[in-house]
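# below is the sequence, then the predicted model.
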Amino acid sequence: MQFTDLKLIEPLQHALRAEGYTTPTPIQAQAIPYILDGKDLVGCAQTGTGKTAAFALPMIQHLTKSGGDRHGIRALVLAPTRELASQIGDSFAAYGRYTNIKHTVIFGGVGQQPQVNALRRRPDVLVATPGRLLDLMNQGILRLNAVEFFVLDEADRMLDMGFIHDVRKVIAALPTRRQTLLFSATMPQDIQDLADHMLINPVRVEVTPQATTVEKIDQSVFHVLKKDKRALLEHILQDKAIRRVLVFTRTKHGANKLVRQLDEAHIQAEAIHGNKSQSARERALLNFRSGKTRVLVATDIAARGIDVDDVTHVINYDLPNEPESYVHRIGRTARAGASGIAYSLCDVEERPFLRDIEKLIRLRVPVVTDHPYALAVGMDTPAPPTTYRSNGGGQRSAASSNGNGSRPRSSTPQSSAPRREGSGASPNSSGSRSNRRRRNRRPNSQG
């Protein structure tokens, strides 16, 4: 199927040609016809699959065709983060460039007056984060009584960030008669309940199984002592094939500390998280996109809206304690059909998190044993030292294990590729799985 096969008006086809788009992604090919037909929709697809175009293109077409007096906001898109809101706004600008549809973006962390001025110019489409939207509504500056289309994007992240009550307040202020679209990478029960409440006879589009990882991402895990993580990261970053890398930490403090340590090692890095000002976050993203900064250290909350082309690697410096976050993190690479590589540094305390991740993605993440700080799989002490070697192209091939999950007797690599085995989760760990998760879980809302 081509975009020309979809019933999109010529101004949109013109914009798509200008962007170099010819073939829709699966979520676009399936969702756009339903949205053009006016149906409510639940779209479940991994990050990086083109969900923004899937709702933006038909919405712009509806608004263009309906015309009419601009007596208020006609379409509302709710996004969890500033970065994602800005990204969606850029998409509306690109796709709507040959129409008369106007949009604006509002979010917190910056002064509100320029946003108020933009709202007074009566845009058709408003892209907003929940906090600033409710703030302006409470001030009487903004009303949603004319909204015809409502999109809740990244609904699972809204839930993770504690925005679900704000979302319900926004929904209560919307007209009953509207077209509603909900997009999410995963569908936990709370999101399903919200969908049942806010949508009317929705169609469901699910282009991949929930929480599966992008097939083109080459995933590996490095078992390492916590105290050796930084040294291992610096060692990995010696590979020049790692040209543009996102490194994830669990906390804002951890991100700042890691950037300082990398700078001391003469590795240029910047951090992006919720405590950074909007100007600092935008500057860090600009430097990362331009290649000025090779390493961007991020927390989960700040990273959801990062859409940067050609991210060659994602490194989980800290494994997430919510397995769904792993899917979102590694989805920052392998965008738009490209391939990518994801490394995870797993210390002893994080092994229950790794087992949860593997259960969710239904995949045994291969283990790299061929590095200087390797732990013997299933043990808490360092293995004999070996040398991590890359083939220089960023790609690695798996070597066969000895069949029992333990480290091979010889520490000499058989080829230039790092040795990978099964994840080596210890079968003798004490306590039930639920108890282990309770012991190891820490709050994941510090981004």
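Right, received. Where do you want to start?
# Three-state assignment for Ala15, please.
Following DSSP: H, G, I helix; E, B strand; the rest coil, Ala15 is assigned to helix.
# measure it to Leu8 for me?
9 Å (CB to CB, to the nearest Å). C-betas here are computed from N, CA, C, even on glycine.
# now the helices for the stretch 251-400 of the chain?
252-264, 278-290, 300-303, 323-330, 351-361 (DSSP state H, counting those that start in this stretch).
# of all these, which lies closest to Ala342?
Comparing those by their distance to Ala342 (CB to CB), the top pick is helix 323-330, with 4.0 Å.
# for Gly331, see how far away Leu119 is.
Applying CB to CB to Leu119 and Gly331 gives a distance of 33 Å.
# verify the contact between Ser344 and Ile217 for me.
No - look at Ser344 against Ile217 with CB atoms under 8 Å: they stay out of range, at 11.6 Å.
# out of the two, which sits in the busier spot?
Regarding Ser344 and Ile217, a neighbour count based on other CB atoms under 10 Å identifies Ser344 as having more, with 28 against 19.
# contacting residues for the more buried one?
Gln219, Ser220, Val221, Phe222, Ile315, Asn316, Leu319, Tyr326, Leu354, Val365 (CB atoms under 8 Å, 6 or more residues apart in numbering).
# show the contacting residues for the first one.
To tie it back to what came earlier, the one meant is Gln219. Thr213, Ile330, Ile341, Ala342, Ser344, Leu363, Val365, Pro366.
# tell me the secondary structure at the residue nearest to Gln261 when sequence neighbours are not counted.
Excluding the flanking residues, the one nearest Gln261 by CB to CB, 6 or more residues apart in numbering is Arg230, at 5.5 Å. Under three-state DSSP, Arg230 falls in the helix class.
# and the contacts of Ser344, which of them are buried?
Burial by neighbour count, judged by 16 or more other CB atoms under 10 Å, picks out Gln219, Ser220, Val221, Phe222, Ile315, Asn316, Leu319, Tyr326, Leu354, Val365 from the contacts of Ser344.
# the second one and Thr369 touch, don't they?
Which is Ser220. No - taking contacts as CB under 8 Å, Ser220 lies outside contact range of Thr369: 10.3 Å.
# domain boundaries for this protein, per the record?
3-206, 217-440 (automatic domain parsing).
# what's the least confident stretch among those?
Across these, domain 217-440 has the smallest mean pLDDT, namely a mean of 74.
# could you pull out the strands for the stretch 151-300 of the chain?
For the stretch 151-300 of the chain, strands defined by DSSP state E, counting those that start in this stretch occupy the ranges 179-184, 203-206, 217-223, 245-248, 269-272, 295-298.
# which one of these lies nearest to Lys39?
Shortest distance between Lys39 and the strands of the stretch 151-300 of the chain, using CB to CB, is found for strand 203-206: 5.3 Å.
# for that closest one, which helices and strands make contact with it?
When contacts are defined as 3 or more CB pairs under 8 Å, 6 or more residues apart in numbering; DSSP states H and E, strand 203-206 packs onto helix 26-36, strand 41-44.
# hey, C-alpha coordinates of that strand in CSV?
Output of strand 203-206 as CSV, limited to C-alpha atoms (Å, rounded to 0.1, in the frame of the first residue of the first chain):
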residue,chain,number,x,y,z
VAL,A,203,-12.3,-0.1,16.6
ARG,A,204,-9.1,-1.6,17.8
VAL,A,205,-5.9,-1.5,15.8
GLU,A,206,-3.0,-3.5,17.2
